[in-house]
Every structure is written in structure tokens, then in C-alpha cells.
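*Asks:* based on what follows, work out the 3D shape:
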Amino acid sequence: MQKRTAQMLMVAMAVAVVGWFGFRGESSAVAAESVKATAPYTVTVGATGTIKVEPDVAYLNLAVETRGAKASEAQQANATKFASVEKTLYDKFGIDKKDVKTTGFDVQPEYNYTEKDGQVLKGYIAVHAIQVTYRKLPEIGKLFDALTAAGANRLDGVQFSTEKREQYELEALKKAMENASAKAGVLATSAKRQLQGVVNIVQGDTSNLPVIFARDQAKVMMGEMAAAASSTSVQSGQIEISTQVTVQYEMQ
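*Replies:* Predicted coordinates for the structure are as follows:
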């Protein structure tokens, strides 16, 4: 009888232990499930902000080109004409010397070619090329005319740009973010959700598209200047500044 009672007590204790551990396991699973976070809904859009601004600076690439029977003659003729160009730049228009830089200077032989004699030395050509930074854009036509009269007989190109790039880039970024918000709002509404805060922003490239007159266009401009009786009128156009952003928003 005592042996049977002991066996029954042992069975009861085993059932109690199994029940205890089973209860602990179930409660842990429930707790883990209750704290599990729900992944947020997001939408990611790309947008561009573009603004057009008036240029405030011009970069003129021009040259004095002279010829002579000897290299020394071509070089001397070039020095004389270039001195006149410098006088026009510094004295007449008050351009700072730091805004004038030499971009090239060379003296090269020049040849004629005939079937009978082949290459025949014609003489020498001297070229002194410079780049001028000029900010008084309303007077740029007068500057062209004066430089032509002074001896600058080659215009290799003109670029109109801005020295306020960083300021304008901020304006373009603001416009890009406004466009991104509008796009994300449309997508969220279409998905029957509400747009929440910004999760992430990545800025893309920023482009600055200056107005450029290439060499051939500049040659035509120079010819028109020489033929014009009145001061040359130059239209600089507008500069386009554009930037891109990629923005991720949370949706509810």
C-alpha cells in the first residue's frame, strides 16, 4: 500500500513539472509576439529642381595673331599689337590684371603647298592667346569693339556663367524637394495611405549649363563687330542650374 502511494505521488509531481514548463514556454511565445514591430510602409521618389538665372560673368577667349617673314618679325608685330590690347583692357576698361591670364603663346612656321614644289616656307605666325574675365555684361559689346580695334583679331569663344553657383544651387535643391514631396504625396494617395516624415535623402549631381559661343560662332561675332558701324550688341541668354534628389518617405 505504501509502495503504491509513493508511485502515485511521483506521477503527480511529474505532471506538475511538465505543466509548469509548458506554461512558461507558451507565455514566452506570447510575449515575443506582442513586441514584434511591424515594418513601416515607405515610398521612394526621385525629383529634379531646375532654375534659370541671369549670368553675372563672361569668360572671353581671344588672341592676337600676327605674321612675318622671320620668326622675330612675327613675334615683334605680335608684341606691338598685344601691348595695345593690354592698354585697352587695363586703362580703358579698368580690368584687374588678375582677371587676364595667358592661355597660350607660340611662334610657328607657316607653309604653302604646291604640286610642283611641295611645302614651301611662307613665313612665320605668332599667336598670343588670353582669357579675360569680365563682369560688366551690359558693356561687353563695347569691350569686343575696343579689343577688335586694338588688334585682337581672333575670338576663340565666349562663355557666360555665374559666380553665385552655391546660392543658386540651394534654390534648385529647395525646388527639387518640393517636387519630391508632390510626387510622394500622389503615390501615397493612390495607395490609400497618408504620407509621414522623411526617412532618408540623397542628393544627386548638380549641373550648371552656361551659355557658350563656340569658336565658329565667335568668329562670326567678331566679323560682325568689325563690320558694324555702331556698338555691338551681345545677348547672353540665361543659365540653367539643375540638381537631383532621391527622397524616402514613411507612409501610414
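
*Asks:* okay, strands next: where are they in this protein?
*Replies:* Taking DSSP state E to define them, one finds strands in the chain at 41-53, 57-68, 100-114, 118-134, 154-161, 195-209, 211-213, 239-251.

*Asks:* with mean pLDDT added, can I get those strands in JSON lines?
*Replies:* Shown next, in JSON lines, are the strands of the chain (pLDDT from 0 to 100):
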{"stretch": "strand 41-53", "mean pLDDT": "95"}
{"stretch": "strand 57-68", "mean pLDDT": "96"}
{"stretch": "strand 100-114", "mean pLDDT": "94"}
{"stretch": "strand 118-134", "mean pLDDT": "95"}
{"stretch": "strand 154-161", "mean pLDDT": "90"}
{"stretch": "strand 195-209", "mean pLDDT": "90"}
{"stretch": "strand 211-213", "mean pLDDT": "71"}
{"stretch": "strand 239-251", "mean pLDDT": "95"}
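
*Asks:* and these as JSON lines, adding distance to residue 186?
*Replies:* In this view, the C-beta of every residue, glycine as well, is placed from N, C-alpha and C. As requested, those are exported to JSON lines (distance: least, Cβ to Cβ, whole Å):
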{"stretch": "strand 41-53", "distance to residue 186": "9"}
{"stretch": "strand 57-68", "distance to residue 186": "40"}
{"stretch": "strand 100-114", "distance to residue 186": "50"}
{"stretch": "strand 118-134", "distance to residue 186": "45"}
{"stretch": "strand 154-161", "distance to residue 186": "36"}
{"stretch": "strand 195-209", "distance to residue 186": "10"}
{"stretch": "strand 211-213", "distance to residue 186": "35"}
{"stretch": "strand 239-251", "distance to residue 186": "12"}
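
*Asks:* among the ones you listed, which is nearest residue 178?
*Replies:* Checking those against residue 178 by Cβ to Cβ gives strand 41-53 as the closest, at 7.5 Å.

*Asks:* may I have the strands that pair with that closest one, each with its orientation?
*Replies:* Strand 41-53 has its sheet partners listed here by DSSP bridges as strand 239-251 (antiparallel).

*Asks:* roughly how far out does the partner strand sit from the chain middle?
*Replies:* 15 Å (Cα atoms, centre = their mean, to the nearest Å).

*Asks:* state the pLDDT value of the residue nearest to residue 241 when sequence neighbours are not counted.
*Replies:* Of all residues not flanking residue 241 in the chain, residue 168 sits nearest, at 4.8 Å (Cβ to Cβ, 6 or more residues apart in numbering). With respect to pLDDT, residue 168 scores 95.

*Asks:* quick one: residues contacting residue 168.
*Replies:* Applying Cβ atoms under 8 Å, 6 or more residues apart in numbering to residue 168 gives the contacts 51, 53, 162, 241.
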